[in-house]
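S.K.: here are the coordinates; sequence isn't available:
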C-alpha cells in the first residue's frame, strides 16, 4: 500500500534525478493529508511499474552525482569532515513491520530519558488539539508511540527516546501489489546520499555572525544509486503518459528522449566543484547568518499556541540532539535511514526555545 508506493517513489526519483528534471506537486492541506499525499503523488510511478515485467537483474546500472562547495585552495570537506548526514535505502535491520512508519531517534541527556519522553508526549497531545475534533486526525495522533531504550539497530548504544509515527492508510485502491513486491525482491536497489561539513554545529555557533555560505567551512554532497536498468523504461512510460506537468529548462532536450537512451548506459558519474574566494569577494555579505536563522526560529516558536510552544521550550532540559530517523515497513524488507554523525544542535536550544 503506502509502503510499496513509497519504496517505488524513492528508487525512481533517484533515477530520474540523474537526468536533471523535476515534477511539480501541489502542497497538501491538513496533518493526515500530508502523508496520504505521499501515496497519491506517485500513482503514475505505480502504474508504470505494474504494467510491465521487470526482468533485468539488479545492479546493472550505477550512478552518482557529487557537488563540492569550498574555499579556493582548501581540501575537500569529506577529507576533513567534522559532521556528516547520510541517507540510505537498504535492507531492514529491525523487526519486520506490518505497515509503514517514520521512526525518529532522539538523544536524551544522561538520566533524562523519561523526562524527554514526557515532553514529546505532551507535544503530541498539543498536536492533537489542532485536529479540531476530526476523528481520523485524532486517532492518528493517538497511534504515535513514544518509548525509551539504550540500543538501536541503526544508531548503536545511547540514551534514546524513540518516536514512531505511523503512515495513515492509503486512500487509493490497490493494484499490482504482488507484481511490485516480486520485482523488489528480485532486484533490490541501493540508494545512498551523503553530506559532509567542515565544521560542527558548536564550531558554527562560535561564528554565528558569519554568512551561511562560509559558515560550514565547506560542504560536500554525493548521491549514489544502483538499480536495474528497466527502471529507466518505467520512468520513460510515466513521463510520456502520466505526468503532463513535467518541466525542463528552456532549450534542454525532452526528458522522454533522454530516458529512451538511458538503458544503454552502465554507469553515469558527475562531479561539480564550486571554489569561492576568501570572504566571497564581498558577495556573501548580504546572505543571512546562523544568528539570523536562530532568531527566525525563535519567532516561530513564540508564535505558537502555548500547548505547542511550552513542551518545545522544555526540550533543552532533557534533549541532547537527534541520532537519526528511519522509514520502516517498506516493501521487500527495505527501509530508508537518515543518520547523523557528530550532530549536536542542543547548543542552539536555549537560544531558540527559552524565553
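M.R.: Arrived safely, thanks for sending. Predicted model, so just to flag it, every value in this text is computed and none were measured. Residues are numbered from 1 along each chain as shown.

S.K.: got any ranges where the stretch 51-200 of the chain has weak pLDDT?
M.R.: 51-60, 93-95, 98, 169-189 (pLDDT under 70).

S.K.: in it, which spans are strands?
M.R.: Ranges of strands in the stretch 51-200 of the chain, per DSSP state E, counting those that start in this stretch, are 61-71, 83-91, 101-108, 145-152, 156-166, 190-197.

S.K.: what residues sit buried inside the first one?
M.R.: Right, strand 61-71. For strand 61-71, a neighbour-count test (16 or more other Cβ atoms under 10 Å) marks 61, 63-66, 68-71 as buried. The C-beta positions use only the backbone N, C-alpha and C, and glycine is treated the same way.

S.K.: hang on, the earlier thing: which stretch among the strands of the stretch 51-200 of the chain comes nearest residue 277?
M.R.: Evaluated over the strands of the stretch 51-200 of the chain, closeness to residue 277 peaks at strand 61-71, with 7.7 Å, by Cβ to Cβ.

S.K.: list the helices and strands that closest one packs on?
M.R.: strand 219-227, strand 267-276 (3 or more Cβ pairs under 8 Å, 6 or more residues apart in numbering; DSSP states H and E).

S.K.: tell me which of the ones you listed is the most buried.
M.R.: By mean neighbour count, with neighbours taken as mean count of other Cβ atoms under 10 Å, strand 219-227 ranks first of the helices and strands packed on strand 61-71 at a mean of 20.

S.K.: same question for that strand, mean pLDDT?
M.R.: Averaging pLDDT along strand 219-227 yields 85.

S.K.: still on that earlier bit, residue 226: which of the buried residues of strand 61-71 is nearest?
M.R.: Among the buried residues of strand 61-71, and counting by Cβ to Cβ, the member closest to residue 226 is residue 61, at 7.0 Å.

S.K.: touching, the closest one and residue 224? I think so.
M.R.: No: contact between residue 61 and residue 224 fails when scored by Cβ atoms under 8 Å: they sit 11.5 Å apart.

S.K.: what are the ranges of the helices in this structure?
M.R.: 2-17, 31-40, 43-50, 113-129, 135-142, 177-186, 201-206, 230-241, 255-261, 290-302, 306-314, 349-353 (DSSP state H).

S.K.: that older thread, mind putting the helices and strands packed on strand 61-71 into CSV with distance to residue 206?
M.R.: Output for the helices and strands packed on strand 61-71, formatted as CSV (distance: least, Cβ to Cβ, whole Å):
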stretch, distance to residue 206
strand 219-227, 18
strand 267-276, 21
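
S.K.: out of those strands, which is closest to residue 107?
M.R.: strand 219-227 (23.3 Å).

S.K.: what's that closest one packed up against?
M.R.: Using 3+ Cβ pairs under 8 Å, 6+ apart, the elements in contact with strand 219-227 are helix 2-17, strand 61-71, strand 190-197.

S.K.: so how far is residue 83 from the residue lying closest to residue 327 once chain neighbours are set aside?
M.R.: Spatial nearest neighbour of residue 327, chain neighbours left out: residue 336 (4.0 Å); criterion: Cβ to Cβ, 6 or more residues apart in numbering. Counting by Cβ to Cβ, to the nearest Å, the gap from residue 336 to residue 83 is 21 Å.

S.K.: one more: residue 277?
M.R.: 24 Å.

S.K.: do the same with residue 325
M.R.: In terms of Cβ to Cβ, residue 325 sits 16 Å off from residue 83.

S.K.: ok, residue 202 next?
M.R.: Counting by Cβ to Cβ, the gap from residue 202 to residue 83 is 10 Å.

S.K.: more crowded one of the two?
M.R.: residue 83 (21 against 15; other Cβ atoms under 10 Å).

S.K.: list the contacts of the more buried one.
M.R.: Shown in contact with residue 83 (Cβ atoms under 8 Å, 6 or more residues apart in numbering): 196-197, 199-201, 340-343.

S.K.: go with 7 Å
M.R.: Each residue near residue 83 by Cβ atoms under 7 Å, 6 or more residues apart in numbering is listed here: 197, 200-201, 341-343.

S.K.: nearest to residue 320, of the strands of the stretch 51-200 of the chain?
M.R.: Short answer: strand 101-108, nearest of those by Cβ to Cβ, at 4.6 Å.

S.K.: can you name every helix or strand that that closest one contacts?
M.R.: Counting contacts by 3 or more Cβ pairs under 7 Å, 6 or more residues apart in numbering; DSSP states H and E, strand 101-108 packs against strand 156-166, strand 319-328.

S.K.: bridging residues for the spatially closest residue to residue 222 that is not a sequence neighbour?
M.R.: Leaving aside its sequence neighbours, residue 222 sits nearest to residue 66 (Cβ to Cβ, 6+ apart; 4.4 Å). Beta-bridge partners recorded for residue 66 (DSSP bridges): residue 222, residue 271.

S.K.: what residues are up against residue 66?
M.R.: Residues near residue 66 by Cβ under 7 Å, 6+ apart: 221-222, 270-271.

S.K.: among those residues, which pair sits farthest apart?
M.R.: It's 221 and 270 that sit farthest apart of these, by Cβ to Cβ, at 12.0 Å.

S.K.: ok, now which ones touch residue 164?
M.R.: Residue 164 touches 101, 103, 144-145, counting by Cβ under 7 Å, 6+ apart.

S.K.: count of neighbours near the closest residue to it other than its chain neighbours?
M.R.: Spatial nearest neighbour of residue 164, excluding adjacent residues (Cβ to Cβ, 6+ apart): residue 145 at 4.4 Å. A total of 14 residues lie near residue 145 under the criterion other Cβ under 10 Å.
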